[in-house]
Every structure is written in C-alpha cells, then in structure tokens.
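**Student:** predicted model and sequence follow; I will ask about them next.
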Amino acid sequence: MRSVFCAALLPALLLCPTTAFAAEGHGLPGDSMSLFWALPFVGLLLSIATGPLLYPHVWEHHYGKITAAWAALVVLPMLVLHGWAVSAEALLHTLLLEYMSFIILLFALFTIAGGILVAGNIHGTPLTNAALLLIGALLASVVGTTGASMIMIRPVIRANDNRPFNAHVVVFFIFLVSNIGGALTPLGDPPLFVGFLRGVDFFWTAAHLWKETLFVGVVVLAVFLALDYWFHHREAGLPKIKDPTPDSRVRVRGLANLPLLAGVIAAILLSASWKPGIAFTIAGVALELQNIVRDLIILALALTSLKVTRAEYRRANGFAWGPIAEVAKLFAGIFICIVPVIAILRAGAAGALAPLVALVSTESGLPNDLAYFWLTGGLSSFLDNAPTYLVFFELAGGDPQMLMTTLATTLAAISTGAVFMGANTYIGNAPNFMVYAIARHRGVKMPSFFGYMLWSGAVLIPIFLVAGWVFFG
C-alpha cells in the first residue's frame with residue numbers, strides 16, 4: 001500500500017522545485033569548513049550501503065526517515081551558522097539545477113523500459129548467453145543500466161533455468177549489463193548523467209570512453225564464454241533437469257515505448273544544442289528555458305508510456321514503483337548532504353580535504369589519472385557511484401571544458417572508475433541488488449555478498465589492473 005502511495009505522489013514530487021548535484025558552494029566558506037560537515041554525507045552513504053544487508057526490515061520501512069535525518073544534520077547547522085540567505089541559495093542551487101533533471105530522467109527510463117516485455121524463451125547455450133549479455137550491454141547505454149537490467153534479466157534467467165550451473169550467468173550479467181555496458185552515453189549510468197548536467201557534452205563519453213569500454217567489455221565477455229563452456233561441458237554428465245519454461249518463440253511486446261525512448265534522447269540533445277538565452281529566477285537560482293523544456297518533455301514521455309502500455313506487460317516484467325520511489329528519496333538526501341562537501345572541495349588545497357587533493361596529484365601538481373581511476377572506482381564499489389563521481393569531478397577542478405579537453409584522460413579515469421567498478425559488489429550500483437533479488441526469487445542459487453566479491457575479485461580486478469595500466473598508467 002505504501003509503495004502505491006509513493007507512486008501516486010512521485011509525479012507531483014518531480015514537479016516540485018528541485019534540482020542539483022552541483023552544490024557549487026554558493027556563498028559557503030569552503031576554506032574554513034571542517035570535515036565534520038562531511039559526516040552526514042558519509043553517514044548517509046554508509047546507511048545506503050549497509051541498510052539492505054544488515055537491517056533490511058528496518059531499512060525497508062524507514063529509509064525515508066533515515067535519509068531525512070541525515071539531511072537535517074546538514075540543513076539545520078547550515079541555517080544556524082551561515083544564515084538563511086546563504087543556506088537557501090546553496091541548497092536551492094543544488095535542488096533546482098540538477099536533482100530534478102537527474103530524477104526525472106531515471107523516472108522516465110525506469111517507466112518506459114518497464115513497458116518493454118521480452119516474452120518467449122530460448123535455450124541458454126554458451127553462445128546464446130554471450131549474445132544475450134552483449135545485447136543487454138549495448139542496450140544499457142540507451143535505456144540505462146537499470147532499464148536494460150529489468151528488460152533482460154528475466155529472459156536470461158528463463159534461458160538458463162534448466163541448467164544445474166546458472167548463477168555465474170547472472171553474476172556476469174551484473175558485470176556487463178548492470179554496469180560496464182552503461183559507459184557510452186549519459187543515459188547509461190547515473191554518474192555520466194551527472195557529468196552531462198555539469199556541462200560534459202552528450203557525445204563526449206562515447207568519443208572518449210569507447211576504447212576502455214570495448215577493452216573491458218570484450219575481455220569480460222571472453223572470460224564468461226570460456227567459463228560457460230566449461231560449466232556446460234560439466235553439465236553433460238549430470239541428470240537432466242526438466243525445463244520449467246520450454247523454448248518458445250521470442251516476441252518483444254510494448255513496442256510503442258521505443259519511439260518514446262528516442263524522444264528522451266532527442267529531448268536531451270535539444271537541451272544541449274538549443275540555447276535561447278531565457279532563464280527564470282527562483283530565490284536567486286536561474287533556471288534556463290531549454291532545461292525546463294527538456295525535463296517537461298521527458299516527463300510527458302514517461303506519462304505517455306503509462307498510458308499506451310498494456311498493464312499485463314508491466315505485470316509480466318514485475319514492474320513496481322517501489323524502486324524508483326526509493327531512489328527519489330535517497331538521492332534527494334544525497335544531493336543535500338553533498339552541498340558542504342562540494343564547497344570544501346572547491347577550496348582545493350586550502351580546504352579540509354587537502355590530503356585527498358594531494359593523493360590524486362603528482363609532485364608537479366598534475367592529476368594522477370591512475371589514482372583517480374582506482375579511488376573513484378574503489379569508493380564506487382561500496383558507495384553510490386553518482387555522488388562518488390561528483391566528488392572526484394570537483395576534486396579535478398569541476399570545470400567541464402577543461403576536463404573534456406586538457407584533462408580528458410582524468411575525466412575518462414573518473415568516469416570509467418565510477419561506472420566499471422560499480423560491478424565490484426552487490427551495492428556498487430542500484431541494478432546490482434535488484435538483479436540479485438530477482439534471480440534469488442526465481443530460484444537461482446546466487447553467491448552471498450562476499451561470495452560475489454570473490455567472483456568480482458577473481459574476474460574484474462585483474463582486468464581493471466590491466467585496463468588502468470594501459471589507459472591511465
């Protein structure tokens with residue numbers, strides 16, 4: 001019942017004045033702020049990371065209250081110490097310039113992708129599985145890692161539900177579809193859309209990350225193919241399992257959602273190219289017309305999907321509003337809690353995070369790209385990769401034009417670290433745990449939290465070591 005209530009409220013929430021990851025520290029004295037201001041941000045991320053695993057019942061029923069409490073620990077002291085005017089400008093700048101666009105895009109991709117149903121079944125041979133993973137990985141940069149995961153995970157599970165060894169298929173699905181495949185466009189993974197909102201060109205990711213994505217993706221897929229052939233050979237001598245979902249013709253339903261996805265992409269490209277020079281000011285924060293139009297178009301496309309898609313397709317996909325409602329609440333808290341952190345980062349060597357600045361810099365003061373890759377990736381493995389991306393984006397200077405040109409390899413290191421290494425744990429990226437839960441519900445004997453880390457440690461970490469040395473060393 002509560003998820004239905006959240007679903008009913010969500011469109012209204014999305015229309016409220018909110019938007020921002022940029023916490024640009026407007027008026028906040030970042031050079032004099034201590035690390036205590038970062039504690040709510042760290043506390044919230046740790047709550048998100050540990051709540052679903054250590055106290056799932058409490059988290060499920062009270063994650064909104066927990067998030068609000070951490071946000072209050074930022075807002076109330078800020079109001080007391082820095083006054084209403086400075087605090088309101090900093091917070092509204094964050095909530096009005098990026099959060100709205102961020103959550104509207106996720107809402108739209110989640111809604112539209114949830115209306116596309118892949119029905120029928122095929123037999124999960126190694127080559128078939130590799131083809132399904134490749135399709136899912138390519139789809140991830142178009143409909144997002146969450147959308148691609150929700151579209152493809154059930155067909156992949158059905159294709160392999162008569163195999164004694166099938167957990168590894170889902171593990172590699174998380175590697176490729178829920179993470180690595182989303183590295184080529186801002187639609188693919190939340191960190192990259194955050195970068196787009198900060199001024200990174202839409203096509204910059206495809207132009208500058210394709211080599212890293214191709215290398216890592218091909219190697220991971222090759223490892224999967226070899227491993228799946230080995231498991232398939234072992235299964236030959238085992239008793240046959242009756243297929244609970246016999247092979248049948250594969251059909252794609254909900255095709256009306258495909259032009260809606262194209263419309264989302266067109267709206268984003270429109271906002272990047274159309275600059276009418278018109279803005280509306282709310283409490284000192286300027287909202288540019290092209291961004292307002294983009295968000296309204298994307299929201300309208302999502303609502304259209306709800307209207308034109310048959311309810312039976314969404315039911316067959318296991319579509320529910322709970323996940324996106326949770327994301328909306330959690331990211332509202334994250335965007336608020338990160339405001340003082342960004343202010344401190346903007347102070348650079350004069351701020352309380354000066355040791356972190358030194359850690360990602362060479363002796364000559366230039367960015368250490370390999371350090372950016374591993375630090376961004378390491379934190380993205382356990383914390384949410386979107387705010388982690390933003391922290392290191394700001395640490396590298398926060399100037400999108402400089403990062404896209406002179407410091408292009410640094411931005412590539414931050415981007416690939418955030419996207420790729422979200423695959424290292426179940427909690428590194430939102431779709432990971434969703435896929436894990438769906439697979440377990442469908443009877444797949446998935447590895448535990450630490451068992452999964454053994455898989456990622458054995459497969460991904462060596463590949464990332466090579467990729468880091470080749471591209472950023």
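**Tutor:** Thanks, I have it.
**Student:** mind listing what's buried in the helix or strand where Met150 lies?
**Tutor:** For Met150, the host element (DSSP states H and E) is helix 126-159. Neighbour-count burial for helix 126-159 flags 126, 129-130, 132-137, 139-159 (criterion: 16 or more other C-beta atoms under 10 Å). C-beta here means a position set from N, CA and C on the backbone, and glycine is covered the same way.
**Student:** how about the helices in the stretch 51-200 of the chain?
**Tutor:** With DSSP state H, counting those that start in this stretch, the ranges of helices along the stretch 51-200 of the chain come out as 56-94, 100-113, 126-159, 167-176, 190-197.
**Student:** what does the stretch 351-473 of the chain give?
**Tutor:** 354-359, 369-380, 385-395, 400-404, 408-420, 430-441, 449-472.
**Student:** Phe203 is nearest to which of those?
**Tutor:** Nearest to Phe203, of all the helices of the stretch 351-473 of the chain, is helix 400-404, at 10.7 Å by C-beta to C-beta.
**Student:** grab the nearest non-local neighbour of Leu379.
**Tutor:** Distance criterion C-beta to C-beta, 6 or more residues apart in numbering; nearest residue to Leu379, sequence neighbours excluded, is Thr388 at 4.6 Å.
**Student:** wait, what's in contact with that neighbour?
**Tutor:** Thr388 makes contact with Pro191, Thr376, Leu379, Ser380, Ala418, according to C-beta atoms under 8 Å, 6 or more residues apart in numbering.
**Student:** hang on, the earlier thing: chain center to the helix holding Met150, what's the gap?
**Tutor:** With C-alpha atoms, centre = their mean, to the nearest Å as the basis, helix 126-159 stands 16 Å off its chain's centre.
**Student:** mind giving me the packing neighbours of it?
**Tutor:** Counting contacts by 3 or more C-beta pairs under 8 Å, 6 or more residues apart in numbering; DSSP states H and E, helix 126-159 packs against helix 100-113, strand 117-121, helix 167-176, helix 204-235, helix 257-273, helix 430-441.
**Student:** apply 6 Å and report the result again.
**Tutor:** helix 100-113, helix 167-176, helix 204-235, helix 430-441 (3 or more C-beta pairs under 6 Å, 6 or more residues apart in numbering; DSSP states H and E).
**Student:** dump those into JSON lines; add distance to Pro323 and mean pLDDT as well.
**Tutor:** Formatted as JSON lines, these follow (distance: least, C-beta to C-beta, whole Å; pLDDT from 0 to 100):
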{"stretch": "helix 100-113", "distance to Pro323": "7", "mean pLDDT": "86"}
{"stretch": "helix 167-176", "distance to Pro323": "16", "mean pLDDT": "96"}
{"stretch": "helix 204-235", "distance to Pro323": "25", "mean pLDDT": "95"}
{"stretch": "helix 430-441", "distance to Pro323": "6", "mean pLDDT": "82"}
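**Student:** low-confidence ranges in the protein?
**Tutor:** Applying pLDDT under 70 to the chain picks out residues 1-26, 237-239, 242-243, 247, 383-384.
**Student:** gap between the residue minimising distance to the centre of it and Phe196?
**Tutor:** What sits nearest the mean C-alpha location of the chain, by C-alpha atoms, centre = their mean, is Pro190, with 3.7 Å. Applying C-beta to C-beta, to the nearest Å, the value for Pro190 to Phe196 is 10 Å.
**Student:** same thing with Thr145?
**Tutor:** According to C-beta to C-beta, Thr145 and Phe196 sit 15 Å apart.
**Student:** can you check Leu255 too?
**Tutor:** Relative to Phe196, and taking C-beta to C-beta, Leu255 is found at 27 Å.
**Student:** higher neighbour count, the two?
**Tutor:** Higher neighbour count among Leu255 and Phe196: Phe196, with 24 against 12, using other C-beta atoms under 10 Å.
**Student:** now the more buried one. Nearest residue, chain neighbours left out?
**Tutor:** Pro186 (3.8 Å).
**Student:** give the contact list for that neighbour.
**Tutor:** If you count contacts by C-beta atoms under 6 Å, 6 or more residues apart in numbering, Pro186 has them with Leu192, Phe193, Phe196, Phe202.
**Student:** switch to 7 Å and redo it
**Tutor:** Contacts here follow C-beta atoms under 7 Å, 6 or more residues apart in numbering; on that basis Pro186 touches Leu192, Phe193, Gly195, Phe196, Phe202, Thr205.
**Student:** verify the stated contact: the last one with Gly182.
**Tutor:** In this case it means Thr205. No. Judged on C-beta atoms under 7 Å, Thr205 makes no contact with Gly182 at a distance of 9.8 Å.
**Student:** for the two, indicate the residue with more neighbours.
**Tutor:** Gly182 (35 against 29).
**Student:** help me confirm that that one comes into contact with Asp189.
**Tutor:** Yes. Counting by C-beta under 7 Å, Gly182 does reach Asp189; the two are 3.8 Å apart.
**Student:** need the residues touching each of the two.
**Tutor:** Shared between the contact lists of Gly182 and Asp189 (criterion: C-beta under 7 Å, 6+ apart) are residues Thr145, Val419.
**Student:** thinking again about what came up before, out of the helices of the stretch 351-473 of the chain, the one nearest Gly64 is which?
**Tutor:** Smallest distance to Gly64 across these (C-beta to C-beta): 16.3 Å, for helix 430-441.
**Student:** contacts for the closest one?
**Tutor:** 52, 145-146, 149, 153, 157, 170, 173-174, 178, 323, 327, 426-427, 446.
**Student:** quick one: which two of these are the most distant?
**Tutor:** Ile157 and Val327 (23.2 Å).
**Student:** number of residues surrounding His441?
**Tutor:** Counted by other C-beta under 10 Å, the residues lying close to His441 total 10.
**Student:** from Ala71, how far off is it?
**Tutor:** For His441, the distance to Ala71 - C-beta to C-beta - is 32 Å.
**Student:** one more: Phe472?
**Tutor:** For Phe472 relative to Ala71 (C-beta to C-beta), the value is 35 Å.
**Student:** likewise Val357?
**Tutor:** Counting by C-beta to C-beta, the gap from Val357 to Ala71 is 26 Å.
**Student:** thank you kindly, that will do.
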